[in-house]
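Engineer: pasting a predicted model and its sequence here:
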Amino acid sequence: MDSVLHTPVVQEGEQTDRIYCSQPFLLRYKITYVGTCVGIAAQSVAWKTLHTSPSLKYFDIPGAIYKIWWWQAVITFSIAFIIYLLKLMYFQKAVWRELNDPVRANFFFTLTLTLTFLTIGVPEEYEFKWGTCFLFYFCAIAELFGRLLLWRVHLEVKAFNFACGSVSDKLVRELSEPTLSHAPAESKLRKAVGSARSSEWLYGKKLSFRNINLPAMLSLIGNFVSASLGSKELIKEEVGDFAIFLFSVGIFYYFMVLVTVYRQLSVGAGEGAIWSLPQEMHPALFFLVAPPCAAAAALSDIQGNFTLSCKLLFFFGMFMYLLMARSMHLFVTTPFSLAWWAFTFPMVAAGLSAAKWSDDWTKTAEANLSGPAHVGNDYHACFALVLILISTLVVLFITWKMLLTIYMMHYEHGRLRSLCYCNEKDSMDPKPAFFRFQDGLFPDDPMMTTLL
């Protein structure tokens, strides 16, 4: 099977706008396909929250809805995981290349993220304590160590030598500059070493923080979702402190990644443009919305009420939504692709945060009024319900659109065009080395161009 990796996998036909792919199915199956399971699994958590939330009892949401979504997520995730496991068995080098790609490596976190959502949204009749504890520790440790391995936070020998060379050049410039103050040489040395190491660590070509991109937000969301799982009453006594640790790590990485990604998106934008992204990547901007909303929900679960810190995170996420609304014309004109799944989970995260706030508002109102609150007039509950309903409609629409696209391609060309060839014009982007592999092993296709 490995011989496929050393043979030409792309054959150009007579027409110049097509690239015919002779790859096996497992080679064409990418880790990004597993990302579709996150949006489905998040729906089970959202509808379970609507069913069990005290402030939403007025709407009388049946529990069968979230169970249907949960079983659908289990089946979808099982199929996707088994297929990718077969790819790991037969094409180890292909999986290794995906692990070393700065974009696709982040989608390996969707495996643990989906598993965490399934654990949170599991029906009560299938829930037991030690199984939940095991899945919590498994997902949390996999996310922590996976981030250390994929982002290469530890100093490697080559990177250290590269940084030392830059430090020496920086030191010569710093010590040779005349200054008005008579600062000792030791302070100049510390300043030169510190500034050079910081700049090379964040933006050096040999280090990994320069390769942080929008899909890196997927690895951060797992920390907040795992913190919410660890705050459940069933296992809170056993893993509550570790859930706080996961939340702290997620907050640290989020602000670091946010600054780096925002700098990359802002620098290089054309005239009249807000983001320096190809058109197919525009839906991925919604990855900026999910972490603060998920962090607000996680902090609410940890503290037991929706405090001021939770509101700050929630409103920060709403502000990111306003930024997305400012760029709504970018999303309307984006052609359909697998990247549309990026619209789903941020809406669910915002709806979950609003539901947590609604529960806290209802609890406070009942305590002050010494009786049941009129939850039907609670705008927090209505807002949460609207957001989750919109996210559900988006998931259903994207699923229908994907199935319709595959159906039309099958009957138009006699085979699935997206799995057989791709258009050269669709595979062009301003940074081909950043968004896809160089060796032609994973060529882009028209329907699933972005994030692949």
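Structural biologist: Right, received. Where do you want to start?
Engineer: count the neighbours of residue 393 for me.
Structural biologist: Neighbourhood size, residue 393 [other Cβ atoms under 10 Å]: 11. C-betas here are computed from N, CA, C, even on glycine.
Engineer: did I read that right, it in a strand?
Structural biologist: No. Counting by DSSP: H, G, I helix; E, B strand; the rest coil, residue 393 is not found in a strand; it is helix.
Engineer: would you check how far apart it and residue 400 are?
Structural biologist: Relative to residue 400, residue 393 is positioned 10 Å away (Cβ to Cβ, to the nearest Å).
Engineer: hang on, residue 291 packs against residue 220?
Structural biologist: Yes. Look at residue 291 against residue 220 with Cβ atoms under 8 Å: they come within range, at 5.1 Å.
Engineer: now do the shared contacts for the two.
Structural biologist: Residues touching both residue 291 and residue 220 by Cβ atoms under 8 Å, 6 or more residues apart in numbering: 250, 254.
Engineer: pLDDT at the residue lying closest to residue 391 once chain neighbours are set aside, what is it?
Structural biologist: Distance criterion Cβ to Cβ, 6 or more residues apart in numbering; nearest residue to residue 391, sequence neighbours excluded, is residue 347 at 3.6 Å. At residue 347, the predicted lDDT confidence score is 85.
Engineer: any idea which helix or strand carries residue 347?
Structural biologist: helix 344-369 (DSSP states H and E).
Engineer: same question for that helix: list its buried residues.
Structural biologist: Across helix 344-369, burial judged by 16 or more other Cβ atoms under 10 Å covers 344-363, 365.
Engineer: so which elements touch it?
Structural biologist: Judged by 3 or more Cβ pairs under 8 Å, 6 or more residues apart in numbering; DSSP states H and E, helix 344-369 is in contact with helix 36-52, helix 290-303, helix 308-326, helix 379-413.
Engineer: to residue 69, which of the ones you listed lies closest?
Structural biologist: helix 36-52 (4.0 Å; Cβ to Cβ).
Engineer: now the closest one and helix 344-369, what's the angle there?
Structural biologist: Angle of helix 36-52 versus helix 344-369, following axes from the mean of the first three to the mean of the last three Cα atoms, to 10 degrees, is 20 degrees.
Engineer: if we go by neighbour counts, what in helix 36-52 is buried?
Structural biologist: Buried residues in helix 36-52, counting neighbours by 16+ other Cβ under 10 Å, are found at 36-51.
Engineer: what's the answer for stretch 247-261, then?
Structural biologist: By neighbour count with 16+ other Cβ under 10 Å, stretch 247-261 contains the buried residues 247, 249, 250, 251, 253, 254, 257, 258, 260, 261.
Engineer: what's the answer for stretch 329-348, then?
Structural biologist: Applying a neighbour-count criterion of 16+ other Cβ under 10 Å, one finds 330-331, 334, 336-348 buried in stretch 329-348.
Engineer: try stretch 316-323
Structural biologist: Burial within stretch 316-323, assessed by neighbour count using 16+ other Cβ under 10 Å, is assigned to 316, 317, 318, 320, 321.
Engineer: pull the residues that contact that stretch.
Structural biologist: With Cβ under 8 Å, 6+ apart as the test, stretch 316-323 has contacts from 288, 289, 290, 291, 292, 293, 296, 349, 350, 353.
Engineer: could you rerun that using 6 Å?
Structural biologist: 288, 289, 292, 293 (Cβ atoms under 6 Å, 6 or more residues apart in numbering).
Engineer: now for those residues, which pair is the farthest apart?
Structural biologist: Between any two of those (Cβ to Cβ), the greatest distance is 10.6 Å, for 288 and 293.
Engineer: compare neighbour counts for those two and give me the winner.
Structural biologist: Higher neighbour count among residue 288 and residue 293: residue 293, with 29 against 21, using other Cβ under 10 Å.
Engineer: quick one, what contacts the more buried one?
Structural biologist: Residue 293 touches 317, 349, 350, 353, counting by Cβ under 6 Å, 6+ apart.
Engineer: of those residues, closest to residue 237?
Structural biologist: residue 353 (25.0 Å).
Engineer: now do that closest one against residue 342, distance only.
Structural biologist: From residue 353 to residue 342 the distance is 18 Å (Cβ to Cβ).
Engineer: repeat that for residue 326.
Structural biologist: Between residue 326 and residue 342 the distance is 17 Å, computed by Cβ to Cβ.
Engineer: next one: residue 231
Structural biologist: Distance from residue 231 to residue 342, counting by Cβ to Cβ: 26 Å.
Engineer: go on, residue 298?
Structural biologist: For residue 298, the distance to residue 342 equals 20 Å [Cβ to Cβ].
Engineer: roughly how far does residue 66 sit from residue 399?
Structural biologist: Per Cβ to Cβ, residue 66 is found 17 Å from residue 399.
Engineer: the two: who's more crowded?
Structural biologist: Per other Cβ under 10 Å, whichever of residue 66 and residue 399 has more neighbours is residue 66, with 23 against 16.
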